[in-house]
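[1] Build me a model:
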Amino acid sequence: MSIQFIQPQPLGQGPDKPVAVRFDGGPAFTYNWQFPGTGTYVTDPEAITRLTTFLVKSKTVRVETTNGASFAVQANFVAPTGDAMIRQVLGVCGYTLGVVPTPPPPPKDAQ
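    Alright, predicted model coming up:
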């Protein structure tokens, strides 16, 4: 499962770097995201849970990061008008909105 931010202009490839997400102009939630080239994504379950929880309660979303040349990149979006679509996507991926998933215990024969 991941949350992705795709830009029309390449963001550059390289090591993980901070991406800040703001909901309704509030404080930034900053996590290190992966940058494979044209976009960026985060796979951390805690980040996904926090970001989707705020996403469904917000009207606007702002994403802030830098591109491969270290220039600021910012984008503003209108948030979804409900939580049904987000809940459906999360459910397909084994997530529940607002709940950080925990990995299953290892099989007993693996010990």
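[2] Bridging across strands, which residues link to Thr40?
    Phe5 (DSSP bridges).
[3] number of nearby residues for it?
    For Thr40, the neighbour count with other C-beta atoms under 10 Å is 25. C-beta here means a position set from N, CA and C on the backbone, and glycine is covered the same way.
[4] which residues does it contact?
    Gln4, Phe5, Leu11, Val19, Trp33, Gln34, Thr65 (C-beta atoms under 8 Å, 6 or more residues apart in numbering).
[5] Could you rerun that using 6 Å?
    When contacts are counted by C-beta atoms under 6 Å, 6 or more residues apart in numbering, Thr40 is found next to Phe5, Leu11, Val19, Trp33.
[6] One more: Thr30?
    Applying C-beta under 6 Å, 6+ apart, one finds that Thr30 lies in contact with Pro18, Ala20.
[7] Quick check, pLDDT for Thr38.
    pLDDT recorded at Thr38 is 79.
[8] any idea where the helices of this protein begin and end?
    Per DSSP state H, the chain carries helices over the ranges 45-55, 84-92.
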